[in-house]
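> no sequence on this one, just coordinates:
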């Protein structure tokens with residue numbers, strides 16, 4: 001028995017010493033918990049739209065002009081690059097899994113500064129499990145921008161002594177460039193980027209160097225962070241489409257309507273409840289690390305990072321589960337300190353990993369078992385009844401366009417942009433709806449009921465009037481991460 005125990009300890013030590021082995025272990029865990037959804041094209045409403053846009057860009061469409069959304073350009077460029085290699089849902093899911101594992105590895109490396117190597121590895125596992133719990137178990141944007149934000153913090157923390165000397169290096173510039181890339185995926189990451197910039201600026205200012213020496217270094221870091229969006233802006237300006245970029249990235253986010261106050265308060269309490277367990281263990285871990293005299297500046301940076309991410313979540317006019325993804329990295333890192341300084345660790349692991357996986361959509365085993373054949377039946381039927389490929393998807397499964405080889409008639413290919421009552425895109429939704437119906441779609445795939453309240457009464461009435469003239473209507477049940485979704489396929493709608 002002692003020999004067996006010694007062997008297990010030796011194996012654990014080998015894992016915590018070798019970086020490639022650490023990443024391999026985290027990647028294996030990521031594959032294990034995410035693969036039940038691999039191959040499903042209908043798993044998430046946002047995820048499949050990202051894939052659709054990526055494939056349209058790979059075929060020559062221009063983002064914000066030929067196909068519209070309000071998320072950052074880099075997110076869709078990532079999907080377009082994948083589509084150029086292999087336009088399949090499995091390819092997107094594999095890349096997302098690698099990105100999630102890289103984020104977990106970065107968390108592991110940061111956590112080593114305030115916890116033991118074994119606890120740091122556990123924090124990487126916690127991050128992956130929490131990511132699945134908060135709807136990051138497929139292709140959500142947080143799977144990509146979190147990894148870049150984690151890289152920024154890792155490179156920043158590794159260079160605190162350099163900043164104290166009033167110096168910067170290529171690694172720190174790279175870190176702020178990573179923050180800029182994250183902002184180019186999700187605009188709200190700018191708040192975290194500003195926090196990291198403030199930390200670097202304060203440390204440089206306290207170095208005792210002359211202000212001109214400090215100012216140009218701060219300027220270099222700021223330029224590195226701004227470069228991705230500056231390059232994007234120059235490109236759209238040169239193409240004559242800068243107003244479209246500005247509308248998508250800025251104006252549409254402020255002009256759209258948001259949830260009623262009562263609904264928002266309800267969602268705040270739901271979000272607080274969902275974050276309760278990781279928040280408790282992170283708070284206990286942060287307190288323990290501070291008392292144990294871990295590098296206090298590092299602990300303070302991680303706590304401030306978590307506070308900024310949490311403040312951002314609860315300040316949104318709308319609050320959705322996946323918005324919490326940005327707060328998961330700092331919470332997971334602080335949990336590593338809990339594993340190091342608090343005993344026993346298994347209750348925390350059961351709550352953070354076990355419970356997260358049980359509640360994640362990936363492990364709704366019945367739905368995952370039925371999802372692929374149900375979605376395939378829908379695709380085959382729609383292909384059969386849509387010989388000219390004139391299709392309108394009036395609901396969640398926007399990737400159906402790609403699956404049947406149909407080209408969206410309108411830049412508003414994401415149906416909620418047309419049927420949600422509070423939506424504002426800068427385009428005339430009624431005019432777009434008239435243009436879509438004037439193209440005489442043969443088939444309309446309508447979600448039943450439409451998942452929104454309030455609805456855009458005008459556009460919904462147009463589609464309802466159009467589908468009443470269709471020759472056939474057949475219902476299908478397909479499954480996403482929330483469970484079963486009913487769609488009615490109206491066919492024979494036009495010659």
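Yes, it's here. Bear in mind that the values here come from a model prediction, so they are computed numbers and not experimental data. Residues are numbered from 1 along each chain as shown.
> how is this structure carved up into domains?
Listed by automatic domain parsing, the domain ranges of the chain are 16-39+88-363, 365-491.
> Need the phi and psi values for residue 395.
In terms of degrees, to the nearest 10, the main-chain angles of residue 395 are phi 170, psi -150.
> what's the closest residue to it other than its chain neighbours in contact with, if anything?
Using CB to CB, 6 or more residues apart in numbering and skipping residues adjacent in sequence, the residue nearest residue 395 is residue 447, 2.6 Å away. C-beta here means a position set from N, CA and C on the backbone, and glycine is covered the same way. Contact partners of residue 447, counting by CB atoms under 8 Å, 6 or more residues apart in numbering, are 394-397, 415, 485-487.
> Could you measure from the closest residue to residue 381 other than its chain neighbours over to residue 382?
Residue nearest to residue 381 in three dimensions, not counting chain neighbours: residue 489, with 6.3 Å by CB to CB, 6+ apart. Using CB to CB, to the nearest Å, residue 489 is found at 6 Å from residue 382.
> returning to what we had before: of the contacts of residue 447, just say which sits nearest to residue 298.
Distance to residue 298, by CB to CB, is smallest for residue 396 among those, at 42.4 Å.
> so where's the chain uncertain?
Within the chain, the stretches with pLDDT under 70 are 1-16, 259.
> again, 80 this time
1-17, 255-264, 293-294, 315-318, 342-343, 495 (pLDDT under 80).
> State the next helix or strand along the chain beyond the helix or strand where residue 152 lies.
Remark: residue 152 resides in helix 142-157, with elements defined by DSSP states H and E. Moving toward the C-terminus from helix 142-157, the next helix or strand (DSSP H and E) is helix 160-164.
> how about that next one: buried residues?
By neighbour count on 16 or more other CB atoms under 10 Å, the buried set for helix 160-164 is 160, 162-163.
> Which elements pack onto it?
helix 190-205 (3 or more CB pairs under 8 Å, 6 or more residues apart in numbering; DSSP states H and E).
> Touching the helix it packs on from outside, list them.
149, 152-153, 156, 160, 163-164, 166, 168, 172, 175-176, 179-180, 182-183, 214, 217-218, 221-222, 225, 301, 304-305, 308-309, 311-312, 326.
> wait, what's in contact with the closest residue to residue 248 other than its chain neighbours?
Distance criterion CB to CB, 6+ apart; nearest residue to residue 248, sequence neighbours excluded, is residue 64 at 4.4 Å. For residue 64, the contact set (CB under 8 Å, 6+ apart) comprises 236, 241, 244-245, 247-248.
> Nearest to residue 373 among these?
Lowest distance from residue 373 to these (CB to CB) belongs to residue 248, with 36.9 Å.
> Torsion angles phi and psi at that closest one?
phi -70, psi -40.
> Quick check: it vs residue 254, distance?
Residue 248 is 12 Å from residue 254, by CB to CB.
> These two: who's more crowded?
residue 248 (22 against 8; other CB atoms under 10 Å).
> I figured the more buried one hits residue 68, correct?
Yes. Using CB atoms under 8 Å as the test, residue 248 is close enough to residue 68 to be in contact (6.6 Å).
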